[in-house]
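Participant: sharing a model that was predicted from the sequence below.
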There are 2 protein chains.
Amino acid sequence: MTCNHEYFIRQTLQLAKLAQNGGNHPFGALLERNGQIVVEAENTVNTDRDCTAHAELNLVRKAYSELSQKMLSECTLYTSTEPCPMCAGAIFWAGIPRIVYSAPASGLMGMTGYGIPVSSTELLVNASQPVEIVGPILESEGMELHKSFWK
Amino acid sequence: MTCNHEYFIRQTLQLAKLAQNGGNHPFGALLERNGQIVVEAENTVNTDRDCTAHAELNLVRKAYSELSQKMLSECTLYTSTEPCPMCAGAIFWAGIPRIVYSAPASGLMGMTGYGIPVSSTELLVNASQPVEIVGPILESEGMELHKSFWK
């Protein structure tokens, strides 16, 4: 599984670079089901003038409108960076049972993470439908996106 | 201030009823600035087929596109029910400094709250820009919405 994880994480890092090249923050995410990518999304906070348009939230909105609840329950969400609490909550509401991330949130913007001192794991591991969280995967590649961005 | 709180909370309860009458979940929210209502929103999860379309997240998306950062920092968000972690995160990202709610989340759907055992207060009180959380206000009226809905 590590090999598969690395493949899909590399795709999210590409999506994050596309987001940055398009004038947004360097975050990308995708949904995998049965070894196939079913939905992809990038951060569009700046271009949409929408502070909720994180990659994962954009992904959940697309996926929830296109996939059945059963299909969502068979997906893994891959993301270039560990989700913030808003996105972790959205993933929970969508019924997606697993998250795999590259860069840890604690590495963002110095050591302050997202500015909320509750991790995705703390939020979701004891939820009524627990969400499994796996990572970091390819951590140094994931962190590289942020080192070059947040000055 | 309690009197003003009650006035704006009553408006959110009306919005929640409108949401329910329109086929959605009974949640409503508004943004107040200088004593005026500047944005209102309802839950549209069912009609938009969007599990992120909670009243507060819809409100944040509208407000962030229409108001400046400075204006957002002068607003209070009123909501018919204590926000879930997704919405609490969105409110944090928008830079809105205060939440006033009616029904406590712990009273939803039996005693399970939102299914995530981390409250808005736990999430936001120690954030890098702390968000003040006030409530419950008119608790019994706020709870009444849910008693009649979640069977």
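Facilitator: Noted; the coordinates are in hand.
Participant: helices along chain A, start to end?
Facilitator: Residue ranges of the helices in chain A, as given by DSSP state H, are A:2-21, A:55-66, A:69-72, A:85-94, A:120-124, A:139-147.
Participant: for the second one, packing partners?
Facilitator: Helices and strands touching helix A:55-66, by 3 or more C-beta pairs under 8 Å, 6 or more residues apart in numbering or on different chains; DSSP states H and E, are helix A:2-21, strand A:28-33, strand A:36-42, strand A:76-81, helix A:85-94. Where C-beta positions appear, they are placed from N, C-alpha and C, glycine not excepted.
Participant: do the fourth one as well
Facilitator: Packed against helix A:85-94, as judged by 3+ C-beta pairs under 8 Å, 6+ apart, are the following elements: helix A:55-66, helix A:120-124, helix B:85-94.
Participant: what's the angle from it to helix A:55-66?
Facilitator: Counting by axes from the mean of the first three to the mean of the last three C-alpha atoms, to 10 degrees, helix A:85-94 lies at 20 degrees to helix A:55-66.
Participant: what does helix A:85-94 contact?
Facilitator: Under the contact criterion C-beta atoms under 8 Å, 6 or more residues apart in numbering or on different chains, helix A:85-94 has outside partners A:52, A:54-57, A:60, A:63-64, A:72, A:77, A:79, A:83, A:99, A:114, A:116, A:118, A:120, A:123-124, A:127, A:129, A:131, B:51-52, B:84-90, B:92-93, B:115-116, B:123.
Participant: relative to B:Trp150, which of the helices and strands packed on helix A:55-66 is closest?
Facilitator: Evaluated over the helices and strands packed on helix A:55-66, closeness to B:Trp150 peaks at helix A:85-94, with 15.5 Å, by C-beta to C-beta.
Participant: now the closest one: how far from the chain's centre is it?
Facilitator: Taking C-alpha atoms, centre = their mean, to the nearest Å, one finds helix A:85-94 lying 10 Å from the centre of the chain it belongs to.
Participant: output it as CSV, nothing but the C-alphas.
Facilitator: Extracted in CSV, the C-alpha atoms of helix A:85-94 (Å, rounded to 0.1, in the frame of the first residue of the first chain):
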residue,chain,number,x,y,z
PRO,A,85,-10.3,21.4,11.1
MET,A,86,-12.9,22.8,8.7
CYS,A,87,-11.9,20.3,6.0
ALA,A,88,-11.6,17.5,8.5
GLY,A,89,-15.2,18.2,9.5
ALA,A,90,-16.3,18.3,5.8
ILE,A,91,-14.7,14.9,5.2
PHE,A,92,-16.6,13.5,8.2
TRP,A,93,-19.9,14.8,6.9
ALA,A,94,-19.3,13.3,3.5
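Participant: picking that back up, what's the most buried one of the helices and strands packed on helix A:85-94?
Facilitator: Sort the helices and strands packed on helix A:85-94 by mean neighbour count, taking mean count of other C-beta atoms under 10 Å in any protein chain shown, and helix B:85-94 sits at the top with a mean of 29.
Participant: let me see the mean pLDDT of it.
Facilitator: The average pLDDT for helix B:85-94 rounds to 96.
Participant: returning to what we had before: what's the closest of the helices of chain A to B:Glu6?
Facilitator: Across those, B:Glu6 has its closest neighbour in helix A:85-94 (28.5 Å, C-beta to C-beta).
Participant: run the angle between the closest one and strand A:76-81 for me.
Facilitator: Calculated by the same axes, to 10 degrees, helix A:85-94 forms an angle of 170 degrees with strand A:76-81.
Participant: how about the residues of chain A near chain B?
Facilitator: Within chain A, the positions near chain B by C-beta under 8 Å from any C-beta of the partner chain are A:49-52, A:57, A:60-61, A:64-65, A:84-90, A:92-94, A:112, A:115-118, A:122-124, A:126-129.
Participant: state the pLDDT value of the residue lying closest to A:Asn34 once chain neighbours are set aside.
Facilitator: Nearest in space to A:Asn34, with sequence neighbours left out and distances taken as C-beta to C-beta, 6 or more residues apart in numbering or on different chains, is A:Glu74 at 7.2 Å. Predicted confidence (pLDDT) at A:Glu74: the value is 98.
Participant: now A:Leu67
Facilitator: 98.
Participant: got phi/psi on it?
Facilitator: Main-chain dihedrals, A:Leu67, degrees, to the nearest 10: phi -110, psi 150.
Participant: that one and B:Glu42: what is the separation?
Facilitator: From A:Leu67 across to B:Glu42, the span is 25 Å (C-beta to C-beta, to the nearest Å).
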